[in-house]
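Peer 1: need a 3D model of the following:
(chains A and B)
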Amino acid sequence: MCQWNEHSGQALSDEIVREVVFRVQRYSPGQDRPVTREYRVPVTRGMTVLDGLHYIRDNLDATLSYRFSCRMGVCGSCGMYINSFPRLACQTQILELNSDLVDVRPMPNYPVVKDLVPDLSQLFAKHREVQPFIIRNEQELEHPTAEFLQKPEELLRYLQFTYCIKCGLCLTACPTVATDPRYLGPQALAQSYRYCADTRDAGAEGRLRIAAGRDGVWRCHLAGACSEACPKGVDPALGIQLLKRLAVLRALSLKKPHSPAPVAGKRTGVERRPGIPQPPPPTVESR
Amino acid sequence: MREATLWTLHLAAGVVILVFLSIHMGIMHLEDVLTALGTGYRDALGWASVVMRNKQLYFTITYVILLAAALYHGLYGLRNILLELGPGPTAVRVIQGILILLGASLFVLGTIAAIAAYVR
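Peer 2: Down below sits the predicted model:
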């Protein structure tokens, strides 16, 4: 006997395996301090912490606030502090916690909007600050004619950092962010490296000025907690160390800026195979 | 890139400390090993040995280098700790000014002591 969980989109067994206590931190604007509330939640196999929160909201306490969207570890919305570790609620199976108590708190190092909803604006502000985009001084970006050429091995240099979903769990785990709010943090710095290492980019100088500034990579204590917490297996601590190396090599003039990858030329001598249809016309008119 | 240069110097100072402190510890505490290796050092902590080392230019130079490296390494670390407390721009300038002054004073004092011991 199975049922379909409308929230998680997963087939779940009906059989209740155990009952756990959800200890949830509650906070509403205007309150002096947060309080904790306990809810008894029947757990079925495959049930995630997010499913447990859905159960509480649907059956026990409709006022509980939490943020979620994709329910499959892609959007990074449901980051929480679950049993004293930063995790995505949608990726955390209750039974894998091996505990009768599920302690759920909002992510530390962020202001709380309500209950389990953190204010992530500082995360996104720091992300924006490191210029996380390809920078080139040419018209090609505005009016693209073809793709930039990049070898597979050049892609591998930064590929893992592209898996960041901006959930902010790394900033929750980071001990430096906890004491120094101006520190750019592992998410932004890893993204800074991601674009500095991209051969299509020509903006490393400006990006390094920010990332290797006083509140940048030098504040990292190499605790590695960010890499341990990342639900996508990204290693931001490695990104920070690689960024440090890049900054030092540039400062000592031991590494010159690379020429940005060229634009692919028009293909010659290649003909469309018979029977392969033409691509659809561009949806955006080229100027 | 100023911070990158400061951090690189921090690492370089760490390497210098490692090398010269190893030599220092070897001379001070591995007397039997040094004797077995055929060096003339005996009673490293004795007054005569200390004076003898102070009279050698090699030791005077290494004392000054070790002093500079240790002061830079330590004070840069202290600066990092203080900056992580989140001081404002003025406080940062004051902290850096005090640390530079403190470092320079201690370096001058230590260098004078090392040279004086060599000259006397």
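
Peer 1: residues in chain B within reach of chain A, list them.
Peer 2: Residues of chain B lying close to chain A (CB under 8 Å from any CB of the partner chain) are B:1, B:3-8, B:80, B:83-86, B:92. In short, each C-beta sits where N, CA and C put it, glycine included.

Peer 1: just the buried members of those?
Peer 2: Neighbour-count burial within those applies to B:1, B:3-4, B:6-8, B:80, B:83-84; the criterion is 16 or more other CB atoms under 10 Å in any protein chain shown.

Peer 1: just the ones of those residues in helices?
Peer 2: Among those, DSSP state H puts B:3-4, B:6-8, B:80, B:83 in helices.

Peer 1: so which of those is the closest to chain A?
Peer 2: Taking CB to the nearest CB as the measure, chain A lies nearest B:Ala4 of these, at 3.7 Å.

Peer 1: residues near the closest residue to chain B within the stretch 51-200 of chain A, how many?
Peer 2: Across the stretch 51-200 of chain A, no residue is closer to chain B than A:Asp180, which sits at 4.5 Å (CB to the nearest CB). Residues lying near A:Asp180 (other CB atoms under 10 Å in any protein chain shown) number 17.

Peer 1: so what's the nearest residue to it once chain neighbours are set aside up against?
Peer 2: Distances taken as CB to CB, 6 or more residues apart in numbering or on different chains place B:Glu84 nearest to A:Asp180, at 4.5 Å, with adjacent residues excluded. Residues near B:Glu84 by CB atoms under 8 Å, 6 or more residues apart in numbering or on different chains: A:176, A:179-180, A:183, A:219.

Peer 1: if you average pLDDT per helix and strand, which one of chain B comes out bottom?
Peer 2: helix B:31-36 (a mean of 77; mean pLDDT, DSSP states H and E).

Peer 1: give me the mean pLDDT for the longest helix seen in chain B.
Peer 2: Criterion DSSP H: the longest helix present in chain B is helix B:89-119. Average pLDDT, helix B:89-119: 95.

Peer 1: quick one: buried residues of that helix?
Peer 2: For helix B:89-119, by 16+ other CB under 10 Å, it's B:95, B:99, B:103, B:106-107, B:110, B:114, B:117-118.

Peer 1: which one among those gets closest to chain A?
Peer 2: Of the buried residues of helix B:89-119, the one sitting nearest to chain A (CB to the nearest CB) turns out to be B:Ile95, at 11.8 Å.

Peer 1: does the closest one touch B:Ile81 like I think?
Peer 2: No. With contact defined as CB atoms under 8 Å, B:Ile95 does not reach B:Ile81; the gap is 10.3 Å.

Peer 1: now A:Asn137. Nearest residue, chain neighbours left out?
Peer 2: Nearest to A:Asn137 is A:Ala202, by CB to CB, 6+ apart, at 6.6 Å.

Peer 1: show me where the stretch 101-250 of chain A has its strands.
Peer 2: Using DSSP state E, counting those that start in this stretch, the strands found in the stretch 101-250 of chain A span residues A:101-105, A:112-114, A:117-118.

Peer 1: if anything else comes up later, I'll come back, but that's it for now.
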